[in-house]
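J.: Kindly return the folded structure for what I paste below:
(one chain, ligands or ions: 1)
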Amino acid sequence: MNQAPAPSVRPEKQPELRLVYSRLNVGGVRVPERASSYPEFRYMGSKHRLLPWIHGVLANLDFESAADPFLGSGCVAYLLKCMGKRVIGSDFLNFPTVIAKATVENNSYELDGPAMKRLLQPLRKRSQFIERTFSGIFYTRTDLQFLDRICSNVEKLDNEFRQALARAALIRSCLKKQPRGVFTVSGNRYDDGRRDLKLSIEEHFLEQVTKFNAAVFGNGRRHTIRRGDVFELPAREADLVYLDPPYVPRADDNCYMKRYHFLEGVSCYWRGVELMPETKVKKIAKPFTPFSYRRTALDAFQRLFAMYQKSTIVLSYSSNGYPDRAELQSLLGQYKKNIQTYERPHRYHFGTHAGVERAEVQEYLLVGI
Ligand SMILES: C[S@@+](CC[C@H](N)C(=O)[O-])C[C@H]1O[C@@H](n2cnc3c(N)ncnc32)[C@H](O)[C@@H]1O
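T.: Predicted coordinates:
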């Protein structure tokens, strides 16, 4: 049975703003089993391991439709689908939208025998873009040839959801096989002998197809996944919006394109992107996001809250970001009279240029009703 998260009430100074604060681990509400078996991505800021906690908070809110305009790995959008909601999702990068198209918007299509036959068939006219561009940078020549084959054949599949499934399986294969899960440096210096690094991309791909096929289900509703900057897409009406933008980091940077440019390329076979041939790892030019810079972040949050003021706003945030919790609460308070804050400790693991970092943070969920 669903249990209320029971936040403890701590009265604050502003008389008209009701702030409720909870350090409690929201327990008692079991996350849908399907959501826990969603394919996990080593993605910066992924909330996969926080899904039970996020679910505990969401399960006590009243809504039928939900928007997630910062999809990332897509695990929260998928959780919302598992909860029976109608989901509208977007991201300004292409590969997160491909993953969510395969798992969230797709209610029924799987990669069946005939589709796999088409995908795996040898190319009559060999396309060598990936092999030529990335030889000596990432993976083996055989892996790169396999990627060229699948990326080329995927365009011949006649169904957009099967195409998305194949690309999603390829994206997760590439991420698993890349040491530390980032594409900022080339070579195998960080090969620690893990199984994921030993398998060929083809072996990974066959495993991932099974994993993604298993993730396909319908919840009786139609979902929409689009690609676009949050400020450029029309704000679609949803009862609730889950916001998980990047935060201004204390050190290093938080550029998603810099870390995952190869996955972005795989998601579209490098069509329509600006490849930077002079860079060592053949990066793709990064798009601007105001959430990455101190001088633009506050204004971006304000615009975001204004945009979604008619919806229940659920904001994910962590203590190592800027702006801090108090600033965000006060900004959100300009649009919402009732704010509940949930908090729990969390440990992020993420690959950086220098190695793998672990950050101990407090993770927050700010709910504005
Ligand atoms: C913290 S991640 C989201 C993580 C996701 N909730 C998960 O659990 O995997 C932030 C995402 O926002 C996207 N993003 C950054 N700036 C954006 C913008 N201006 N408009 C839309 N998406 C943006 C990034 O591409 C990234 O995927």
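
J.: Secondary structure element for E327, which one?
T.: helix 325-332 (DSSP states H and E).

J.: Show me which positions of that helix end up buried.
T.: Using 16 or more other C-beta atoms under 10 Å as the test for burial, helix 325-332 gives R325, L328, Q329, L331, L332. To be clear about C-beta, it is placed using only N, CA and C from the backbone, and glycine gets the same treatment.

J.: Same check on stretch 220-240?
T.: Across stretch 220-240, burial judged by 16+ other C-beta under 10 Å covers H223, I225, R226, R227, V230, L233, A235, R236, A238, D239, L240.

J.: Of those residues, which is the nearest to L93?
T.: L93 lies nearest to R227 out of these, by C-beta to C-beta, at 7.6 Å.

J.: Can you tell me the closest non-neighbouring residue to the closest one?
T.: Spatial nearest neighbour of R227, excluding adjacent residues (C-beta to C-beta, 6 or more residues apart in numbering): T97 at 4.4 Å.

J.: Report the contact partners of the one you found.
T.: The contact partners of T97, taken as C-beta atoms under 8 Å, 6 or more residues apart in numbering, are L71, G89, S90, D91, I225, R226, R227.

J.: Can you show me the strands along the chain?
T.: Counting by DSSP state E, the chain has strands at residues 8-9, 18-22, 65-68, 86-91, 224-227, 240-243, 312-318, 338-351, 356-368.

J.: Any idea which of these has the lowest pLDDT on average?
T.: Looking at the strands of the chain, the lowest mean pLDDT belongs to strand 8-9 (a mean of 40).

J.: In the stretch 1-150 of the chain, what residue lies closest to the ligand?
T.: Residue nearest to the ligand within the stretch 1-150 of the chain: G72 (2.6 Å; C-beta to the nearest ligand atom).

J.: Who are the contact partners of that residue?
T.: Residues near G72 by C-beta under 8 Å, 6+ apart: Y43, G45, S46, K47, D91, P96, D244.

J.: Apply 6 Å and report the result again.
T.: Applying C-beta atoms under 6 Å, 6 or more residues apart in numbering, we find G72 in contact with Y43, P96.

J.: Closest to K81 out of the contacts of T97?
T.: Checking those against K81 with C-beta to C-beta, the nearest one is G89 at 9.4 Å.

J.: A235 touches M307, doesn't it?
T.: Yes: counting by C-beta atoms under 6 Å, A235 does reach M307; the two are 4.7 Å apart.

J.: one step back: which among the buried residues of stretch 220-240 are in contact with the ligand?
T.: Subset of these in contact with the ligand: V230, counting by C-beta under 6 Å from any ligand atom.

J.: Please identify which pair of the buried residues of stretch 220-240 lies farthest apart.
T.: Maximum pairwise distance among these (C-beta to C-beta): 23.0 Å, between R227 and D239.

J.: How about the residues of this protein by the ligand?
T.: Contact residues, the chain versus the ligand (C-beta under 6 Å from any ligand atom): 43, 45-47, 69-70, 72-73, 75-76, 91-93, 96, 229-230, 244-246, 256, 289, 291.
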